[in-house]
Every structure is written in C-alpha cells, then in structure tokens.
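Participant: The sequence and its predicted three-dimensional model are supplied below.
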Amino acid sequence: MSERPDQAELVEFLNSLLEAERAGTKAARLFHKDHGDSTAANLIDTVYHDEAWCCGMLSGRIEELGGHPTDVTGDFFEKVAAKEGLEARLSFLNRGQAWVVRKLEEIIPALPSGGLRDDLDEMLRRHRVNIADCDRYLEQP
C-alpha cells in the first residue's frame, strides 16, 4: 500500500486484523487446553498474551478512529482447530502470523508517525518474534 489509507479504509483494515488476532487468541487458548503440559507451554502462553494485547490495541485504535470494533472471529480459528497435533497446529499458526506480518509490512510505511504506527510496529515485532520462536520449537528433534 503506497498511499495513505483514508479513515474508513484504515478502520476496515484494522478490523480485518482484529478478526485474525481474535482467532489467534482463541487458537492459543485451545493449544493451552490441549497441549498446556507440553514443552511448548511457555511459547503458547506468550503467543496468547501477544495476540490478546493486539486485540485490545486494535479495538482501542478502531474506536479512536470513530469506528466500531468487529465482534467476528476470523475463520482461521476453525482451520487451526481442525489440525491434529501440536506441531501441525503451530505450523499453521505460523502461516497465519506470517499473513499478519505481510499485511503490516504493506500498511505501516503508508502511515504517519505517531501512536497507531508505533503500535502496529510493536505488533509486527511481536509477530516476528513469535514466528521465530515457533520455528525454533518446530525444529527441535
């Protein structure tokens, strides 16, 4: 995205991210329920807290722009829940997080400096760290 999005476009974009983050939060809760006693417990907890932080931040930013945060959960949750086993779920989670990274990388350069851009930069950083951490976990023997 090379042009600065207008307010309505930005609210729509942030709501699409919110739906994805809500799905990620629900997925992490499911992972914790099903795999919370595994060696991935800390990783799962970190992903959950980061996804929840993103949901809160996005909701607040949408409201600041005069929009209404969606209450929809992205279909990603159903897809990841259908995967069997922790490794398959984490791998699919990483695909979803990589989608968010791509979307953030597209829009951040088009935003002016300030609070929203800073928050989206932090969201991008958290997703990159979680992707790398999941990759490291998945590479273990």
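Facilitator: Arrived safely, thanks for sending.

Participant: Spell out for me which residue occupies the centre of the protein.
Facilitator: Centroid-nearest residue in the chain, with CA atoms, centre = their mean: residue 21, separated by 4.0 Å.

Participant: That one and residue 58 touch, don't they?
Facilitator: Yes. Contact criterion CB atoms under 8 Å: residue 21 and residue 58 qualify, at 6.4 Å. Just so you know, the C-beta spots here come from the backbone N, C-alpha and C atoms, and that holds for glycine as well.

Participant: helices and strands around the helix or strand of the chain with the lowest mean pLDDT, which ones?
Facilitator: Using mean pLDDT, DSSP states H and E, helix 76-81 stands out as the lowest-scoring helix or strand of the chain, at a mean of 93. Secondary-structure packing of helix 76-81 (3 or more CB pairs under 8 Å, 6 or more residues apart in numbering; DSSP states H and E): helix 7-35, helix 86-107.

Participant: which secondary structure elements does the first one contact?
Facilitator: Put plainly, it is helix 7-35. For helix 7-35, the packing partners by 3+ CB pairs under 8 Å, 6+ apart are helix 41-64, helix 76-81, helix 86-107.

Participant: what's the angle between it and helix 41-64?
Facilitator: 160 degrees (axes from the mean of the first three to the mean of the last three CA atoms, to 10 degrees).

Participant: Equivalent analysis for the last one, please.
Facilitator: Between the direction of helix 86-107 and that of helix 41-64, the angle (the same axes, to 10 degrees) works out to 30 degrees.

Participant: State the mean pLDDT of helix 86-107.
Facilitator: In this model, helix 86-107 has a mean pLDDT of 96.

Participant: now that helix, how far from the centre of its chain.
Facilitator: Computed by CA atoms, centre = their mean, to the nearest Å, the separation of helix 86-107 from the middle of its chain amounts to 8 Å.

Participant: Name the next helix or strand downstream of it, please.
Facilitator: Using DSSP states H and E, the helix or strand that follows helix 86-107 towards the C-terminus is helix 115-139.

Participant: List of residues touching that following helix?
Facilitator: Residues outside helix 115-139 that contact it (CB atoms under 8 Å, 6 or more residues apart in numbering) are 17, 39-40, 43, 46-47, 50, 53-54, 57, 61, 64, 87, 90-91, 93-94, 97-98, 100-101, 104-105, 107-108, 111.
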